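J.: sequence-free structure coming up:
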């Protein structure tokens, strides 16, 4: 049985959401919403957006929870201001409208405010056993794949577990 390498299981960078560090949370959300992968006949959604600098060097990533963390102070402001639960309010009126305005303002923060730095990367020729070990050791679920120091894709734990399933069948 063939031992796969990063190149065999990675999602190429052009098929994975990535943005420059000056993009806003709103733009990161839009990137997450537009991507869906079909790998090994299974559909999957991204959990991360990669963040690059002006020279296309990887700086970090933004997870869905980082986006929510970036909005959280605005959510808290809603409660501090004494607003009641407005889930059933007409969004175009009163308290509901103020809440929506707070969120719309918060999503204009740059992703660099909430981005998580990433220091881990694997080479395109690394085998999946080494990749799995590095992912577990770093407590992450995605690792960038590089070729000659340039990011060319990502490997997620989803693909690694799928390969484990293939091996143990």
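T.: That came through fine. Predicted model only: the values in this text are computed from it and were never measured.
J.: Which residues lie in contact with residue 64 in this structure?
T.: Listed by Cβ atoms under 8 Å, 6 or more residues apart in numbering, the contact partners of residue 64 are 32, 47. The C-beta positions use only the backbone N, C-alpha and C, and glycine is treated the same way.
J.: remind me which residues of the chain are low pLDDT?
T.: 1, 39-40, 73-96 (pLDDT under 70).
J.: any idea how far residue 169 is from the residue positioned nearest the centre of it?
T.: The centroid of the chain falls nearest to residue 48 when counting by Cα atoms, centre = their mean (0.8 Å). According to Cβ to Cβ, to the nearest Å, residue 48 stands 29 Å off from residue 169.
J.: now swap in residue 130 and tell me
T.: Remark: distance between residue 130 and residue 169 (Cβ to Cβ) = 22 Å.
J.: who's more crowded, those two?
T.: Neighbours per residue (other Cβ atoms under 10 Å) separate residue 130 from residue 169, with residue 130 holding more: 13 against 5.
J.: Okay, strands next: where are they in this protein?
T.: 11-12, 18-20, 37-39, 42-44, 48-52, 58-63, 116-117, 122-123, 142-147, 150-156 (DSSP state E).
J.: any idea how far the fourth one is from the chain center?
T.: Read that as strand 42-44. On the basis of Cα atoms, centre = their mean, to the nearest Å, strand 42-44 is displaced by 16 Å from the centre of the chain it belongs to.
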